[in-house]
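> Got a predicted model here, sequence first, then my questions.
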Amino acid sequence: GAVVSQHPSWVICKSGTSVKIECRSLDFQATTMFWYRQFPKQSLMLMATSNEGSKATYEQGVEKDKFLINHASLTLSTLTVTSAHPEDSSFYICSASSGQGRYEQYFGPGTRLTVT
Amino acid sequence: GESVGLHLPTLSVQEGDNSIINCAYSNSASDYFIWYKQESGKGPQFIIDIRSNMDKRQGQRVTVLLNKTVKHLSLQIAATQPGDSAVYFCAENIGGTYKYIFGTGTRLKVLA
């Protein structure tokens, strides 16, 4: 149990376009989802926390207008990278929590974004 | 705060030897810690966790040690195998929140 999927697993887009990444909890309801970004050979950096039905909370330095997060249902959160630039190329990873205990958090497999 | 690094430190060990991976955490309010394993191109996988009211916890071939005095965490892997090759991250959970802050990570290379 506790499986989190992401789609797509990788995407290449042109500079200036927008890209949407989906994060789904497959066998549980996720009241809270997290979005992380990971540059090559670096650690995971938390970008934002999203709770179902409310606005996401962004970490300091993360542009909310550039990284749009929607958590419209208890099984789906989306991250849209708007007007993507090459410096946005990264590995984006989501995680999900059912909210029953703050300790458990299940990670998705990640999405590799390359902006050309 | 969040940790950023330009490169990952690497630990190379012979197959069958024990591995010790270290992590310094930043926030004295953190009361729960997790070790994750991340293989190339994949998301983090849970290995073992420990709460701040403990100083040691053992799993299958893995042991986590917590020293709150110096804010230090270590992961010991017994009889390291080629399948253990990966990047290992510690993550700290700040009490009262759902947020996890990840450490810089260590690449473990198992030599045959």
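Thanks, I have it.
> just for the chain, where's the confidence low?
No chain specified, so I'll use chain A. A:1, A:101-102 (pLDDT under 70).
> oops, I was thinking of chain B
B:1-7.
> hey, where'd the strands end up in it?
For chain B, the strands defined by DSSP state E occupy B:10-14, B:19-24, B:30-38, B:45-51, B:56-58, B:62-67, B:72-77, B:86-94, B:100-102, B:106-111.
> Just tell me which of these ends up closest to residue A:47.
strand B:100-102 (12.3 Å; CB to CB). Backbone N, C-alpha and C define where each C-beta goes, glycine included.
> quick one: that closest one to chain centroid distance?
Its chain's average C-alpha position is 11 Å from that of strand B:100-102, according to CA atoms, centre = their mean, to the nearest Å.
> Can you show me the strands along chain A?
For chain A, the strands defined by DSSP E cover A:4-7, A:10-13, A:19-25, A:32-38, A:44-51, A:57-58, A:67-73, A:76-81, A:90-97, A:106-107, A:111-115.
> And for residue 25, nearest residue in space, chain neighbours not counted?
All of this refers to chain A. Closest residue to residue A:25 apart from its sequence neighbours, by CB to CB, 6 or more residues apart in numbering or on different chains: residue A:96 at 4.6 Å.
> try again with chain B
residue B:92 (4.5 Å).
> How about the residue in chain B that chain A sits nearest to, nearest residue that isn't a chain neighbour?
Per CB to the nearest CB, residue B:43 is where chain B lies closest to chain A, at 4.0 Å. Spatial nearest neighbour of residue B:43, chain neighbours left out: residue A:107 (4.0 Å); criterion: CB to CB, 6+ apart.
> OK, contacts around the one you found?
Contacts here follow CB atoms under 8 Å, 6 or more residues apart in numbering or on different chains; on that basis residue A:107 touches A:4, A:93-95, B:36, B:43-45.
> if you set the cut-off to 10 Å instead, what comes out?
A:2, A:4, A:6, A:23, A:34, A:36, A:44, A:93-96, B:36, B:38, B:42-46 (CB atoms under 10 Å, 6 or more residues apart in numbering or on different chains).
> For chain B, what is the nearest residue in chain A?
residue A:107 (4.0 Å).
> From residue B:9, how far off is that residue?
Taking CB to CB, to the nearest Å as the measure, residue A:107 falls 22 Å from residue B:9.
> check contacts around the residue nearest the centre of chain A.
For chain A, the residue nearest the mean C-alpha position is residue A:35 (3.6 Å; CA atoms, centre = their mean). Residues in contact with residue A:35 (CB under 10 Å, 6+ apart) are A:21, A:23, A:45-50, A:56, A:58-59, A:62, A:67, A:69, A:77-79, A:92-95, A:108.
> Repeat the analysis, applying 6 Å as the threshold.
Residues in contact with residue A:35, defined by CB atoms under 6 Å, 6 or more residues apart in numbering or on different chains, are A:47-48, A:79, A:94.
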